[in-house]
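>>> Give me a 3D structure for the following:
(chains A and B)
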Number of protein chains: 2
Amino acid sequence: MPINHSDYVKDIVFAFKKLPGIGERSARRLAFYILSQNESVAYNLADAIKSAKQNIKLCKNCFNLSGDDLCPICRNQSRNTKLLCVVENPEIIYVFEKSGNYNGYYHVLHGLINPLEGITPSDIKLRELADRVESGSFEEIILALNPNSNGEATSIYIQKILSPYNVHITALARGIPIGSDLEYVDKETLSEAINFRKNFG
Amino acid sequence: MPINHSDYVKDIVFAFKKLPGIGERSARRLAFYILSQNESVAYNLADAIKSAKQNIKLCKNCFNLSGDDLCPICRNQSRNTKLLCVVENPEIIYVFEKSGNYNGYYHVLHGLINPLEGITPSDIKLRELADRVESGSFEEIILALNPNSNGEATSIYIQKILSPYNVHITALARGIPIGSDLEYVDKETLSEAINFRKNFG
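Modelled structure (predicted):
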């Protein structure tokens, strides 16, 4: 058990540093802030985290976060049963749903193949993806993985394991982001934007 | 009570957004990360926050964070009893102690006078500062407040309320940060560096 205030601060700093994008300095800033504020700030945060973690599980079908065995998207039978979008994590589903431009189903891999960090195909939900494609009615599988080497490796692996099935595999377009300035676009993005070009109008 | 997973996510996002430097997007990222990880990540963070908040109070003397009525610095009688350093919050004490270049005592204001946000002198520990100076053995009061308009306003106010007492009031030097490039230093900092110049060598 911590014996003085700096041990408690260290415990919070240690726990915050496990989160993405939070280094030693931000973690310390957050810890001191929480400890200096009214206690509701600390308790609301701690309770929200615990109660969410206690009540949320993974959807048995798509591995989205869910309060029930099946998530609201899998339960919704009015979506397009021909479309399956493969994503790295549940946050990407949030982003897709917010865009309002997709009405198919999802499959969450919970990671990407990453040889450097020892993440192999069996560590993520790839077997489950193949099972769903085998038994489902999907006609098109949209790969919506990040445009980096792990995303590429995972996409190629998926292409391989889905090759026995009669599905069309597509990937999100790469290109110039809306609102950006061509002058500042890196050359890889520009090359991809040329590759993905289509007829205008 | 939340009824589906997105309500739990919303609760965490809402609580994280109360923290400094965390906006909607980082909060969402943190929430999804916590919910996708092994449960120890969530529980360690929640427990560290709660247990720190339950066990840490403010030092009755200097208002530093403390596990006891008096913080370890105030309990330490081998420090320089003539020096008192006035800081905005307990984190600044951490930074000072880490530098290892100060061995006097501290006084934590827990804020700065801020007319725009309605923070008046009576909202921060200024009355307590005057009481300590009146009854203490301090000869020099070092103002270590942030170099902005609220820090300035608070420093001027402190100068006024401490004028009845026989203490020397000083402020941290402003100047060129170590390791910076003169070409990129803003003109206000440069002006201050000229004002604060001293004999070389």
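>>> and the closest residue to residue A:16 other than its chain neighbours, which of the three is it?
Nearest non-adjacent residue to residue A:16, counting by C-beta to C-beta, 6 or more residues apart in numbering or on different chains: residue A:27, 3.8 Å away. C-beta here means a position set from N, CA and C on the backbone, and glycine is covered the same way. Three-state call for residue A:27 (DSSP: H, G, I helix; E, B strand; the rest coil): helix.
>>> do you know how far residue A:27 is from chain B?
10 Å (C-beta to the nearest C-beta, to the nearest Å).
>>> Which residues are in contact with that residue?
Contacts for residue A:27 (C-beta atoms under 8 Å, 6 or more residues apart in numbering or on different chains) come out as A:12, A:13, A:14, A:16, A:17.
>>> list the contacts for the spatially closest residue to residue A:145 that is not a sequence neighbour?
Using C-beta to C-beta, 6+ apart and skipping residues adjacent in sequence, the residue nearest residue A:145 is residue A:151, 3.7 Å away. Shown in contact with residue A:151 (C-beta under 8 Å, 6+ apart): A:88, A:112, A:145.
>>> what is the mean pLDDT for stretch A:110-122?
For stretch A:110-122, mean pLDDT is 95.
>>> Dump whichever strand or helix holds the residue nearest to residue A:145 to CSV, restricted to CA.
Taking DSSP states H and E as the definition, residue A:151 sits inside helix A:149-162. Coordinates of each C-alpha in helix A:149-162 appear next as CSV, following Å, rounded to 0.1, in the frame of the first residue of the first chain:
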residue,chain,number,x,y,z
SER,A,149,2.6,-2.2,-43.3
ASN,A,150,0.6,-4.1,-40.7
GLY,A,151,-2.7,-3.2,-42.4
GLU,A,152,-1.2,-4.3,-45.7
ALA,A,153,0.0,-7.6,-44.3
THR,A,154,-3.4,-8.3,-42.7
SER,A,155,-5.2,-7.4,-45.8
ILE,A,156,-3.1,-9.8,-47.9
TYR,A,157,-3.6,-12.6,-45.3
ILE,A,158,-7.4,-12.0,-45.4
GLN,A,159,-7.4,-12.2,-49.2
LYS,A,160,-5.7,-15.6,-48.9
ILE,A,161,-8.0,-17.1,-46.3
LEU,A,162,-11.1,-15.9,-48.0
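>>> Name the residues of it that come out as buried.
With burial defined by 16 or more other C-beta atoms under 10 Å in any protein chain shown, the residues of helix A:149-162 counted as buried are A:150, A:151, A:152, A:153, A:154, A:155, A:157, A:158, A:162.
>>> CA-only coordinates of stretch A:91-108 in CSV, if you can.
What follows is stretch A:91-108, C-alpha atoms only, in CSV (Å, rounded to 0.1, in the frame of the first residue of the first chain):
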residue,chain,number,x,y,z
GLU,A,91,-13.7,2.6,-32.5
ILE,A,92,-13.6,2.4,-36.3
ILE,A,93,-17.2,1.2,-36.2
TYR,A,94,-18.0,4.3,-34.3
VAL,A,95,-16.4,6.4,-37.0
PHE,A,96,-18.1,4.6,-39.8
GLU,A,97,-21.5,4.8,-38.2
LYS,A,98,-21.0,8.5,-37.6
SER,A,99,-20.3,9.0,-41.3
GLY,A,100,-23.8,7.5,-42.0
ASN,A,101,-22.6,6.2,-45.4
TYR,A,102,-22.5,2.5,-44.7
ASN,A,103,-25.3,0.2,-43.8
GLY,A,104,-23.7,-3.3,-44.0
TYR,A,105,-22.3,-5.3,-41.1
TYR,A,106,-18.9,-5.3,-39.5
HIS,A,107,-16.2,-7.7,-38.3
VAL,A,108,-13.7,-6.5,-35.6
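>>> Nice, that's everything, thank you.
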